[in-house]
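Asks: I'll drop the sequence and a predicted model, then ask my questions.
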Amino acid sequence: MEGSGRGGRVTKTDMANPTLKADSSIKSDSGRPVAESMGERTEKRVPMTRLRKTVANRLLAASQETAMLTTFNEVNMKPLMDMRAKYKDQFEKRHGVRLGFMSLFVKAATEALKRFPAVNASLDGDDIVYHGFYDIGVAVSSDRGLVVPVLRDTDRMSMADVESRIRELGGLAQKGKLGLDDMTGGTFTISNGGVFGSLMSTPILNPPQTAILGMHAINDRPMAVDGKVEILPMMYLALSYDHRMIDGKEAVQFLVTIKELVEDPAMLLLDL
């Protein structure tokens, strides 16, 4: 279709006319097409699954009903990576499961929770409930959405126990076979966005818990060590917490404790 201008050119008036449809026959001053058909644009509307709707409601409630704040720190992963490289084959041969980073973070978090009971507590109305046990949820991404299976009594578990249970729960999550008992009753949660490449994030609380630890990707970065610059594998850690329950001082000290235990894994073995 030609425009109303000289030589069939398209004018501003033509562009405002809804009856004028652009096609490859419309030319600009340079003789090139000014518009081409983009084809059919489609949409697909599907209802939320029950799981995703439940997760969405809980996350919205967490952001609206808590005084959530996040503190950050960084951890030098080289000591842990060196330990894993040295013992991973022996560990797998003896326990039948691979040695990952999550088990040490679970054990480090458990020790930190013992030192800072408020981080292991929950709010029930106007009451503070201090838990005398350590049930740590580990966020797992599945085809059905985000689920948080819980490791029970992590203070009584070895690193091999933790790795085996995480593997078992992860398999159930992928098959959609996690039961309600597997995902309720946690006192603290760990989320590892690093497996997807996340450098830093602010994890959202999992009510009625009052804190959640976020792990992230490990990247080589220059660091000053004894007056010299070294390239070290570093990870950002994030702790989101409910400020109504946990003071900033406790939150920072809790996160520093995890940092120290991860950077010197022998401290866990020696109970220091």
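Replies: Alright, I've got the coordinates.

Asks: Helix or strand for the nearest residue to residue 77 once chain neighbours are set aside, just tell me which one.
Replies: With sequence-adjacent residues excluded and distances taken as Cβ to Cβ, 6 or more residues apart in numbering, residue 77 is closest to residue 233, at 4.5 Å. Heads up, the C-betas are built off the backbone N, CA and C, glycines and all. Per DSSP states H and E: residue 233 is located in strand 228-242.

Asks: Check which residues of that strand are buried.
Replies: Within strand 228-242, the residues that count as buried by 16 or more other Cβ atoms under 10 Å are 232, 233, 234, 235, 236, 237, 238, 239, 240, 241, 242.

Asks: Which strands or helices does it pack on?
Replies: In terms of contacts (3 or more Cβ pairs under 8 Å, 6 or more residues apart in numbering; DSSP states H and E), strand 228-242 is packed against strand 68-76, helix 78-95, strand 211-215, strand 218-225, helix 248-263.

Asks: which other helices and strands contact the third one?
Replies: It refers to strand 211-215. Other elements packing on strand 211-215 under the criterion 3+ Cβ pairs under 8 Å, 6+ apart are helix 102-115, strand 188-192, strand 228-242, helix 248-263.

Asks: at 6 Å instead, please
Replies: Packing partners of strand 211-215 (3 or more Cβ pairs under 6 Å, 6 or more residues apart in numbering; DSSP states H and E): strand 188-192, strand 228-242.

Asks: Same check on the first one?
Replies: Strand 68-76 is packed against strand 228-242, helix 248-263, with contacts defined by 3+ Cβ pairs under 6 Å, 6+ apart.

Asks: Run through who's touching the last one.
Replies: Residues lying outside helix 248-263 but in contact with it, judged by Cβ atoms under 6 Å, 6 or more residues apart in numbering, are 71, 73, 75-76, 79-80, 108, 112, 116, 118-119, 239, 241, 267-268.

Asks: of all the residues you listed, which two lie farthest apart?
Replies: Spatial extent of the contacts of helix 248-263 (Cβ to Cβ) is set by the pair 79 and 118 at 28.4 Å.
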